[in-house]
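Enquirer: quick check, what structure comes out for this input:
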Amino acid sequence: MKNIFIAMLMCCATLSVMAQQTTPQNKKVETLTMKVLGNCTQCKNRIETACEVKGIKEAVWDIDTKMLKVVYVPGKITPEAIHKLVSGVGHDTELMRASDSAYYAMPDCCLYRQNPNTHHD
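Expert: The predicted model follows:
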């Protein structure tokens with residue numbers, strides 16, 4: 001009986017170690033807060049949607065403060081890449097200016113360079 005108990009304990013210990021090895025470790029995340037120019041809820045949607053990529057856990061842009069808060073996994077994406085994603089859809093960040101082609105592809109109400117703060121739909 002004692003041998004069965006010891007064998008069961010060893011089996012449980014082995015399974016426990018195996019479970020720990022196959023469980024993904026909590027990945028370290030960091031938060032980046034950056035200024036992003038835009039005007040309205042369409043801008044908010046565009047900016048946040050641009051951040052829906054691997055490595056970004058959450059992105060929230062505030063219309064009033066023009067601040068984007070991004071929770072991301074370093075090693076999967078860099079702050080520079082996040083700036084590039086946002087400027088790539090037409091929004092200037094504090095480090096990158098959007099190309100004219102991306103900027104002028106947005107609806108007129110979103111053209112913050114000409115019409116800052118036009119509306120907040």
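
Enquirer: for the host helix or strand of residue 101, give me every contacting residue.
Expert: Assigned by DSSP states H and E, residue 101 falls within helix 100-104. Outside helix 100-104, the residues within contact range by CB atoms under 8 Å, 6 or more residues apart in numbering are 87-90, 92, 111, 113. C-beta: built from backbone N, CA, C; applies to glycine.

Enquirer: for it, buried residues please.
Expert: residue 103 (16 or more other CB atoms under 10 Å).

Enquirer: and what of stretch 63-78?
Expert: Of the residues in stretch 63-78, those buried (16+ other CB under 10 Å) are 63, 66, 68, 70, 72, 77.

Enquirer: please apply the same query to stretch 96-116.
Expert: 96, 98, 103, 106, 110-112.

Enquirer: between those, which sits nearest residue 33?
Expert: Among those, residue 96 lies closest to residue 33 (CB to CB), at 15.5 Å.

Enquirer: state the distance from the closest residue in space to that closest one that isn't next to it in sequence to residue 36.
Expert: Leaving aside its sequence neighbours, residue 96 sits nearest to residue 87 (CB to CB, 6 or more residues apart in numbering; 4.1 Å). Note on residue 87: its distance to residue 36, by CB to CB, to the nearest Å, is 9 Å.

Enquirer: overlap in contacts, the two.
Expert: Shared contacts of residue 87 and residue 36, counting by CB under 8 Å, 6+ apart, come down to residue 93.

Enquirer: circling back: okay if I get the contacts of helix 100-104 as JSON lines plus secondary structure, pLDDT and distance to residue 48?
Expert: Below are those laid out as JSON lines (DSSP: H, G, I helix; E, B strand; the rest coil; pLDDT from 0 to 100; distance: CB to CB, whole Å):
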{"residue": "87", "secondary structure": "helix", "pLDDT": "98", "distance to residue 48": "15"}
{"residue": "88", "secondary structure": "helix", "pLDDT": "98", "distance to residue 48": "14"}
{"residue": "89", "secondary structure": "coil", "pLDDT": "98", "distance to residue 48": "10"}
{"residue": "90", "secondary structure": "coil", "pLDDT": "98", "distance to residue 48": "14"}
{"residue": "92", "secondary structure": "coil", "pLDDT": "98", "distance to residue 48": "16"}
{"residue": "111", "secondary structure": "coil", "pLDDT": "95", "distance to residue 48": "19"}
{"residue": "113", "secondary structure": "coil", "pLDDT": "94", "distance to residue 48": "20"}
